[in-house]
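[1] How does the following fold in three dimensions:
(one chain, ligands or ions: 1)
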Amino acid sequence: MSVIVAPSILAADYLNLGEQIKLVENAGAKYLHIDIMDGDFVPSISYGPDWVKQIKASGSKLTLDVHLMVNHPEKIVDTFAEAGADIIGVHVEATPHIHRALQMIKNAGARAEVVINPGTPVALIEPVLYMVDQVLVMTVNPGFGGQKFLPEEIEKVAQLRDYKKSHGLNFDIEIDGGVNDKTIVEAYKAGTTVAVAGSYVYDKVDPAAKVKKLIEATDFEVD
Ligand SMILES: O=C(CO)[C@H](O)[C@H](O)COP(=O)(O)O
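    As a prediction, this is how the structure comes out:
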């Protein structure tokens with residue numbers, strides 16, 4: 001068993017996006033991570049639902065893992081589900097209506113993900129863990145690629161793994177930010193099942209080799 005690799009297109013070469021996606025898919029990535037940034041919840045602005053629609057229509061078999069770094073995500077979850085998002089992640093910090101936002105994602109036929117920032121404890125999302133398919137633990141503060149991995153976030157992964165076991169739940173645990181073939185190892189041991197990697201994969205050198213390295217680095221059994 002290895003971690004599921006989710007390359008983040010934030011660091012990709014946008015003028016050759018189709019090719020960049022094929023490279024990681026052929027190398028063994030199963031998910032493609034698409035960061036939606038609104039310039040408000042996070043300082044940056046990225047792209048919108050048309051990107052998801054076009055990637056879906058490109059014939060890629062990758063699971064489209066859409067991370068909404070936006071305030072009031074419940075206003076746009078339907079739009080992204082219609083565009084073809086397979087997984088939609090919403091930040092607990094971005095809305096007073098996290099339960100409703102997750103319900104909307106599920107009603108729209110996508111997999112529901114709740115996301116926590118480094119400053120947010122796991123306890124804050126415990127009331128909604130029974131209804132999610134995936135939890136994303138941010139291992140950097142969201143908004144920018146290329147930041148340094150925060151090792152203290154691994155403890156939250158372990159807490160979530162223990163919660164899953166003690167409550168008989170089966171959600172995936174994803175990490176995002178500063179992931180490389182070194183930082184992934186302890187996070188995988190703690191219970192990470194999906195790893196987002198942006199700049200490590202798409203550093204313009206050899207994205208396929210980087211995906212393979214992440215898979216190889218986690219090619220061992222954990223309980
Ligand atoms: O959510 C994110 C930043 O907020 C991204 O997924 C980002 O692409 C991660 O990049 P890197 O792997 O370079 O840290």
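[2] who are the neighbours in contact with S166?
    With Cβ atoms under 8 Å, 6 or more residues apart in numbering as the criterion, no residue contacts S166. Where C-beta positions appear, they are placed from N, C-alpha and C, glycine not excepted.
[3] In a helix, it, correct?
    Yes - looking at S166 with DSSP: H, G, I helix; E, B strand; the rest coil, it is inside a helix.
[4] and it, what pLDDT?
    With respect to pLDDT, S166 has a value of 98.
[5] Check K204 too.
    pLDDT, K204: 77.
[6] Quick check: it is in a strand.
    No - the assignment for K204 is coil, going by three-state DSSP, so no strand is present there.
[7] Could you report the neighbour count for it?
    10 (other Cβ atoms under 10 Å).
[8] Surely it touches D13?
    Yes - counting by Cβ atoms under 8 Å, D13 is a contact partner of K204 at 6.9 Å.
[9] for the closest residue in space to S44 that isn't next to it in sequence, helix, strand, or coil?
    Leaving aside its chain neighbours, S44 sits nearest to M37 (4.5 Å; criterion: Cβ to Cβ, 6 or more residues apart in numbering). Following three-state DSSP, M37 is assigned to strand.
[10] what residues are up against M37?
    Neighbours of M37 in contact, by Cβ under 8 Å, 6+ apart: 44-46, 69-70, 143.
[11] Enumerate the residues of this structure near the ligand.
    Residues of the chain lying near the ligand by Cβ under 6 Å from any ligand atom: 8, 10-11, 33, 35, 67, 140, 142-147, 176-179, 196-200.
[12] Apply 5 Å and report the result again.
    8, 10, 35, 142, 145-146, 176-178, 196-199 (Cβ under 5 Å from any ligand atom).
[13] Give me the subset of the contacts of M37 that lies in helices.
    Per DSSP state H, helices hold no members of the contacts of M37.
[14] out of the residues you listed, which is most surrounded?
    Counting by other Cβ under 10 Å, top hit in these: M69 with 25 neighbours.
[15] Give the bridge partners for that one, please.
    Counting by DSSP bridges, M69 is bridged to M37.
[16] Now do the helices in this protein.
    Going by DSSP H, the chain shows helices at 17-26, 49-57, 77-83, 98-107, 154-167, 183-190, 207-217.
[17] Tabulate these in CSV, adding columns for distance to E113.
    Below are the helices of the chain laid out as CSV (distance: least, Cβ to Cβ, whole Å):
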stretch, distance to E113
helix 17-26, 20
helix 49-57, 15
helix 77-83, 11
helix 98-107, 8
helix 154-167, 12
helix 183-190, 17
helix 207-217, 20
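[18] Ok, which of those comes nearest G89?
    Of all the helices of the chain, helix 98-107 sits nearest to G89, with 8.8 Å by Cβ to Cβ.
[19] How far away from the center of its chain is that closest one?
    17 Å (Cα atoms, centre = their mean, to the nearest Å).
[20] Quick check: mean pLDDT of that helix?
    98.
[21] looking at the helices of the chain, which is closest to M1?
    With Cβ to Cβ as the criterion, M1 lies closest to helix 183-190 of the helices of the chain, at 9.4 Å.
[22] I'd like to check the angle between that closest one and helix 154-167, please.
    Per axes from the mean of the first three to the mean of the last three Cα atoms, to 10 degrees, the angle that helix 183-190 makes with helix 154-167 is 20 degrees.
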